[in-house]
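J.: prediction below, plus the sequence it came from.
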Amino acid sequence: QVQLVESGGGLVQTGGSLRLSCAASGRTFTNYYMTWFRQVPGKEREFVAAVNWKGNFVWYSDSVKGRFTISRDNANNTVYLQMNSLKSEDTAVYYCAADLEGRTWSSNDMDYWGKGTLVTVSS
């Protein structure tokens with residue numbers, strides 16, 4: 001089992017920044033690709049970003065590329081999502097997920113999930 005706890009969400013104005021954190025415990029953190037997803041009510045959970053175990057390969061959705069940065073600190077079992085130039089359409093609950101295989105970034109393929117943290121971007 002891997003337990004994931006997200007933090008850092010909140011209310012921010014358009015154009016502002018937030019950094020989300022996801023603290024992991026349980027099984028070996030470096031066994032997993034770490035990902036961020038987001039979801040708004042009535043919509044499917046959407047892939048945002050992923051990072052491999054070493055932190056030297058990253059993937060982003062087109063909607064956040066160039067604005068968001070995913071990183072990980074394996075010494076502290078934590079993954080981060082730095083979000084800059086936030087837009088109203090970034091408003092969502094953000095979830096951290098661990099993926100053992102890293103073959104796809106489908107929410108159906110993630111192995112463990114956190115409970116999410118709410119990000120609200122207001123104009």
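T.: Received it, and whenever you're ready, just let me know what you need.

J.: measure the residue nearest the centre of the chain to Tyr60 for me?
T.: With distances taken as C-alpha atoms, centre = their mean, the residue of the chain nearest its centroid is Trp36 (2.2 Å). Using C-beta to C-beta, to the nearest Å, Trp36 is found at 10 Å from Tyr60. Using the backbone N, CA and C atoms, a C-beta is placed for each residue, glycine as well.

J.: what does Ser25 give?
T.: Relative to Tyr60, and taking C-beta to C-beta, Ser25 is found at 26 Å.

J.: name the residue in the two with the higher neighbour count.
T.: Tyr60 (18 against 11; other C-beta atoms under 10 Å).

J.: mind listing the residues bridging to the more buried one?
T.: Note on Tyr60: beta-bridge partners Ala49, judged by DSSP bridges.

J.: what's the answer for the one 10 residues further on, then?
T.: Counting by DSSP bridges, Ile70 forms beta bridges with Leu81.

J.: touching, it and Phe47? I think so.
T.: No: counting by C-beta atoms under 8 Å, Ile70 sits too far from Phe47 to count as a contact (11.3 Å).

J.: which residues does Trp36 form a beta bridge with?
T.: Counting by DSSP bridges, the residues bridging with Trp36 are Ala49, Cys96.

J.: so what's it up against?
T.: Leu20, Cys22, Val48, Ala49, Ala50, Ile70, Val79, Leu81, Tyr94, Tyr95, Cys96, Ala97 (C-beta atoms under 8 Å, 6 or more residues apart in numbering).
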